[in-house]
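> need a structure here:
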Amino acid sequence: MGYTLNFAAVWRNFDFLLTGLAVSLGLAVISILIGAILGLFVAFALLSKNRLVELPARCYVTVIRNLPILVLVLFAYFALPQLGFRLDKIRSFVLVLSIYSGAYLAEVFRAGLLSIPKGLSEAGLAIGLTSAQIRSSIIAPLMIRNVLPSLSSTIISLFKDTSLAATIAVPELTFAARKINVESFRVIETWMVTSALYIATCFLIAALMRFFERRLALPR
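Residues are numbered from 1 along each chain as shown. So this is what the prediction gives:
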């Protein structure tokens, strides 16, 4: 028996999918911004000569990068309340994705920091800049420029990870698609349209990152 595609139910609920996509983007943007700040501090800690600073940073990155994000999501939402830490589903997911992204971005930033010549720091000290000024005015901007290609793929991957928020009923894109699927029984059509939205969004993110790469590229 052949299957006839019928997208009517999906188009009737397309605004619900777009709302879910907006929630996914919001989760990704907030979590990545927090994760980027965390990752930058951890990246500097990883390169510290002080073992009391470097070792905790190394443990954080190692543990988080070796745990599935789904385990972290379920732990934050179901286990933390048992320990007295109560967060709603959106805040718990943002917390998890921020911590998760921080570990991955720390490694991206660490690689970028290693690519910067040590002579730049020495030059900064020679003209009277403090270590904090050198890091904020010289090291960090150059590092960001160097890691943009790697940063692009990491951001896209983290955006796709927002689909796991559906497991705790956060109304993002995947959750919206599952709801439409259950109510309409149009499985193929629902996931085809949802996949197209994910692909289009990832394509736009990649295009935006390439734009920044061109704008920040050093003149040859």
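> give me the element the residue most central in space within the chain is part of.
The residue lying closest to the centre of the chain (CA atoms, centre = their mean) is Leu158, at 3.5 Å. Using DSSP states H and E, Leu158 falls within helix 140-161.
> in the following helix or strand past that helix, which residues are buried?
Using DSSP H and E, the helix or strand that follows helix 140-161 in sequence is helix 173-184. For helix 173-184, a neighbour-count test (16 or more other CB atoms under 10 Å) marks Leu173, Thr174, Phe175, Ala176, Ala177, Arg178, Lys179, Ile180, Asn181, Ser184 as buried. Yep, even glycine has a C-beta here, placed from its N, CA and C like the rest.
> and what of stretch 20-34?
Applying 16+ other CB under 10 Å to stretch 20-34 flags Gly20, Leu21, Val23, Ser24, Leu25, Leu27, Ala28, Ser31, Ile32, Ile34 as buried.
> quick one, what contacts the fifth one?
Contact partners of Leu25, counting by CB atoms under 8 Å, 6 or more residues apart in numbering, are Phe159, Thr201.
> isn't Ser184 right up against Asn6?
No - Ser184 lies out of contact with Asn6 (CB atoms under 8 Å); the separation is 9.1 Å.
> Val73 and Thr167, how far apart?
Remark: distance between Val73 and Thr167 (CB to CB, to the nearest Å) = 6 Å.
> look at the two and report which has more neighbours.
Between Val73 and Thr167, counted using other CB atoms under 10 Å, the more crowded position is Val73 (24 against 15).
> report the buried residues of the helix or strand where that one lies.
Under the criterion of DSSP H and E, Val73 resides in helix 69-74. Within helix 69-74, the residues that qualify as buried are Ile69, Leu72, Val73, Leu74, counting by 16+ other CB under 10 Å.
> ok, residues contacting it?
With contact meaning CB under 8 Å, 6+ apart, helix 69-74 is reached by Ile64, Ser92, Phe93, Val96, Leu97, Ile99, Tyr100, Asp161, Leu164, Ala165, Thr167, Ile168.
> report the contact partners of Met209.
By CB under 8 Å, 6+ apart, the contact list for Met209 reads Leu148, Leu151, Ser152, Ile155.
> sorry, slip of the keys, the one I care about is Glu213.
Per CB under 8 Å, 6+ apart, neighbours of Glu213: Leu148, Pro149, Ser152.
> could you measure from the first one over to Pro141?
Applying CB to CB, the value for Leu148 to Pro141 is 12 Å.
> and the strand or helix carrying Ile90, what's its mean pLDDT?
Per DSSP H and E, Ile90 falls inside helix 89-114. Mean per-residue pLDDT for helix 89-114: 93.
> for stretch 201-208, same thing?
94.
> name the single longest helix found in this protein.
Longest helix in the chain by number of residues, with DSSP state H as the criterion: helix 14-46.
> give me the distance from that helix to the chain's centre.
Between the centre of helix 14-46 and the centre of its host chain there is 5 Å, according to CA atoms, centre = their mean, to the nearest Å.
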